[in-house]
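Undergrad: All I have is the shape, not the residue letters:
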């Protein structure tokens with residue numbers, strides 16, 4: 001299957017998921033996860049119009065970032081250690097994995113140095129799996145209120161990773177719970193700028209995520225393939 005074939009297939013599946021759920025396709029941002037592919041493949045993806053790129057680690061993404069500066073929007077979607085913040089803030093346009101105050105402090109300090117504001121999503125471990133990063137849903141409200149003291153962080157939404165299921169339908173409760181949490185937070189906290197984004201859904205389950213309200217889907221193999 002060529003890159004063009006995969007892009008057409010994903011677009012068709014997105015359109016169908018939107019139709020089933022009464023959503024507008026324009027409300028969903030596709031993020032091409034390029035951690036397993038070459039710079040050339042990442043360049044090809046962007047040249048085909050998928051200009052949002054997701055990466056997990058700075059060393060692996062450095063060459064792609066250098067090649068695509070000014071052409072792509074970069075999303076940091078992996079777990080972020082505080083000592084790696086200096087490599088990420090100022091290069092990545094979005095951080096999807098904010099999950100503790102020590103990380104917020106490091107991001108804010110780096111952003112202050114660079115005189116920028118960095119859009120972030122709070123990573124939530126909805127499933128409760130020990131192998132998953134992110135904070136427990138019951139701690140998110142207090143955490144968001146603490147983030148109000150960091151003006152260099154612009155909180156835009158929530159992110160989660162569902163367990164891999166052979167039957168994607170089984171992930172639906174996870175995605176639904178994240179949407180309900182976002183809506184509850186917006187109701188309870190009366191934020192100056194309500195949370196909008198829901199970063200959820202990957203190659204195996206993105207259609208279910210879209211049906212449950214995803215605004216950002218992180219697509220690797222199904223979109224860009226995988227190179228050994």
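TA: Thanks, I have it. It should be emphasised that the depicted structure is a prediction, and the values quoted were computed from it without experimental measurement.
Undergrad: Show me the helices in the protein, by range?
TA: For the chain, the helices defined by DSSP state H cover 3-21, 39-47, 58-68, 85-88, 101-114, 140-147, 172-189, 206-211, 221-224.
Undergrad: What lies in contact with the fourth one?
TA: What it means is helix 85-88. Helix 85-88 has contacts (C-beta atoms under 8 Å, 6 or more residues apart in numbering) with 58, 76, 80, 95, 103, 106, 107, 110. (C-beta placed from N, C-alpha, C; glycine too.)
Undergrad: one step back: as JSON lines, the helices of the chain with mean pLDDT, mean neighbour count and distance to residue 29 would be great.
TA: Converted to JSON lines, the helices of the chain look like this (pLDDT from 0 to 100; neighbours: other C-beta atoms under 10 Å; distance: least, C-beta to C-beta, whole Å):
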{"stretch": "helix 3-21", "mean pLDDT": "97", "mean neighbour count": "14", "distance to residue 29": "11"}
{"stretch": "helix 39-47", "mean pLDDT": "96", "mean neighbour count": "17", "distance to residue 29": "14"}
{"stretch": "helix 58-68", "mean pLDDT": "95", "mean neighbour count": "16", "distance to residue 29": "17"}
{"stretch": "helix 85-88", "mean pLDDT": "97", "mean neighbour count": "20", "distance to residue 29": "19"}
{"stretch": "helix 101-114", "mean pLDDT": "98", "mean neighbour count": "17", "distance to residue 29": "21"}
{"stretch": "helix 140-147", "mean pLDDT": "96", "mean neighbour count": "15", "distance to residue 29": "22"}
{"stretch": "helix 172-189", "mean pLDDT": "97", "mean neighbour count": "17", "distance to residue 29": "16"}
{"stretch": "helix 206-211", "mean pLDDT": "98", "mean neighbour count": "25", "distance to residue 29": "11"}
{"stretch": "helix 221-224", "mean pLDDT": "93", "mean neighbour count": "20", "distance to residue 29": "13"}
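Undergrad: closest one to residue 31 among those?
TA: Residue 31 sits nearest to helix 221-224 of all the helices of the chain, at 9.1 Å, using C-beta to C-beta.
Undergrad: name the helices or strands packed onto the closest one?
TA: Using 3 or more C-beta pairs under 8 Å, 6 or more residues apart in numbering; DSSP states H and E, the elements in contact with helix 221-224 are helix 3-21, strand 29-33, helix 39-47.
Undergrad: Adding distance to residue 116, write the contacts of helix 85-88 out as a markdown table.
TA: As requested, these are arranged in a markdown table below (distance: C-beta to C-beta, whole Å):
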| residue | distance to residue 116 |
| --- | --- |
| 58 | 17 |
| 76 | 14 |
| 80 | 16 |
| 95 | 12 |
| 103 | 17 |
| 106 | 14 |
| 107 | 10 |
| 110 | 9 |
